[in-house]
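[1] The sequence isn't on hand, but the structure is:
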């Protein structure tokens, strides 16, 4: 594990403790969620889903705990820093508001030294695919994610949720052609993350 990854895990532990202490519901998503589920190491940031009505309070308690807030240009998340480690508090990723129902999809899993609510791999991959556009169309991180977590992903659900995105479609064609998911998408998410 790199120093950056170790710092992110320490930040995640600290943030989770503060949010739990303030009784603010959250769920881990993004690269760290993929890592928690057995995917590749993430060294970018920590992504947490938080409901919009809770996000300002989340920033407030985190700043009180020693993190520093930052004003993002985006209108669907807020940011805090723990030293150099960035935490994104997403309340409307891909124009999809975070709700109790979405947070209820998370499964408690060990992440580093703590048990945290972690979003399903299907949700994480769909979210990652929906941010692809003409300026952000890099599959280099998505390929190892899809390969490592393919048996935990409901590929038909991903296809349905991303059907309006030509970038997502291109990615799905690529991983099918590379035999990561196989023809006909025989890998489907089932309880326990085993292939069907």
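    Sure thing, it's come through. Not measured: the values here are computed from a predicted model.
[2] Enumerate the positions of stretch 131-143 that are buried.
    For stretch 131-143, burial by neighbour count (16 or more other C-beta atoms under 10 Å) applies to 132, 139, 142, 143. All C-beta atoms are positioned from the backbone trio N, CA, C, and that covers glycine.
[3] Likewise for stretch 56-71?
    So for stretch 56-71, counting by 16+ other C-beta under 10 Å, buried means 58, 59, 61, 62, 65, 67.
[4] Closest one of the buried residues of stretch 131-143 to residue 124?
    Nearest to residue 124 among the buried residues of stretch 131-143: residue 142, at 10.5 Å, using C-beta to C-beta.
[5] what's the spacing between the closest one and residue 158?
    Distance of residue 142 to residue 158, computed by C-beta to C-beta, to the nearest Å: 11 Å.
[6] mind listing the strands for the protein?
    Here the chain has its strands, by DSSP state E, at 27-29, 46-49, 68-70, 77-82, 85-90, 107-111, 114-118.
[7] how about residue 113, phi and psi?
    With angles defined as degrees, to the nearest 10, residue 113 sits at phi -100, psi 10.
[8] Can you list the low-confidence ranges for the chain?
    1, 182-196 (pLDDT under 70).
[9] for it, longest helix please?
    Ranked by residue count under DSSP state H, the longest helix found in the chain is helix 3-21.
[10] same for it, what does it pack against?
    Applying 3 or more C-beta pairs under 8 Å, 6 or more residues apart in numbering; DSSP states H and E, one finds that helix 3-21 contacts strand 46-49, helix 52-64, strand 77-82, strand 85-90, strand 114-118.
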